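Colleague: Based on what follows, work out the 3D shape:
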Amino acid sequence: MKSALIGLMATLWGCAPSASQLEKVVSENPEILFNAIEKHPEKFIEVVNKAARNAQMQARKKEADDEKNRMEEEFKNPKKPEIADSRAIFGPKDAPITIVEYSDFECPYCAKGYSTMKDVMKEYGDKVRIIYKHLPLDFHPLAMPASQYFEAIALQSHSKAEKFHDMIFENQNKLKKEKEGFLKSAAKKVGANMSQLMKDIKSDKVKEVIDADMAEAKEFGFSGTPGFLVNGVSLKGAYPLPEFKKIIDRHLE
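Modeller: Okay, the predicted model is just below:
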């Protein structure tokens, strides 16, 4: 090791060593590095931790910058979801702000999203309408049946479908415990025609709506739940009210 260092010093006498030259010596004599770490372990850990913190900060900054750039692009070129007249709409049909929500009735994060949407409607009143769309995840076995019940009830009454939607999200624990039995009891409580409902839940009409929602969510880059489009600007995840306010207020301005 000493001879390697002496050789390097002789080669580099009177000039600064290049990175490649230093790397070559350390690569051929790794004990140089090991000995330095052994002599100064606390300093080594401090340097590693500092480097890790810096890397995390840079990653977060890049992520924030990318998100800001993406959002600016979507303000200029908003995503355009399909909103059929036949869909259940929560709020006035002519509201200036449209929030399309891609959600899963069994997802706990979607329950948070549900609460936030209630806050949004309290905050903005008739300025906002919400269209609930379906993205039932494979590992939530009750999500698809709940979506089928919702759309089957919506064929009968949009207001009853909205009440059913609220009841499921406000009682996710009962849904997990009682399974489809809770879906039936919730449907009865909102006043659905149960004999017609049982025919419609597996119908092509209901299937087509759910399949189209899932395909649209994939097209817009939503792979997890919940996901939102606020007048075409996307938010992926259970964001708190202030994040929605930023987008809504900018649109209203």
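
Colleague: Now do the buried residues in the helix or strand encompassing Asp211.
Modeller: Using DSSP states H and E, Asp211 falls within helix 204-219. By neighbour count on 16 or more other Cβ atoms under 10 Å, the buried set for helix 204-219 is Val206, Val209, Ile210, Asp213, Met214, Glu216, Ala217. In short, each C-beta sits where N, CA and C put it, glycine included.

Colleague: Can you give the distance of it from its chain's centre?
Modeller: 19 Å (Cα atoms, centre = their mean, to the nearest Å).

Colleague: do stretch 206-226 as well
Modeller: 14 Å.

Colleague: Contacts only, for the closest residue to Leu137 other than its chain neighbours.
Modeller: Among residues not flanking Leu137 along the chain, Asp104 sits closest, at 5.2 Å (Cβ to Cβ, 6 or more residues apart in numbering). Shown in contact with Asp104 (Cβ atoms under 8 Å, 6 or more residues apart in numbering): Cys110, His134, Leu135, Pro136, Leu137, His140, Ala143, Thr225, Pro226.

Colleague: just checking, which of those belong to helices?
Modeller: Counting by DSSP state H, the contacts of Asp104 place Cys110, Ala143 in helices.

Colleague: What's the ChimeraX line that selects buried ones from the contacts of Asp104?
Modeller: The command below creates a ChimeraX selection of those among the contacts of Asp104 that count as buried (16+ other Cβ under 10 Å):
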select :110,134,135,136,140,143,225,226
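
Colleague: CSV please, covering the contacts of Asp104 and showing distance to Gly237.
Modeller: Shown next, in CSV, are those (distance: Cβ to Cβ, whole Å):
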residue, distance to Gly237
Cys110, 10
His134, 17
Leu135, 13
Pro136, 17
Leu137, 14
His140, 17
Ala143, 17
Thr225, 9
Pro226, 7
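
Colleague: Out of the contacts of Asp104, name the ones that lie in strands.
Modeller: His134 (DSSP state E).

Colleague: Among the contacts of Asp104, pick out the one closest to Ala192, please.
Modeller: Closest approach between those and Ala192, by Cβ to Cβ: His134, at 17.9 Å.

Colleague: What distance do you get for that closest one to Ile99?
Modeller: Using Cβ to Cβ, to the nearest Å, we find His134 at a distance of 15 Å from Ile99.

Colleague: cool, Val206 as well?
Modeller: 23 Å.

Colleague: Over to Glu219?
Modeller: 18 Å.

Colleague: I appreciate the help and will end here.
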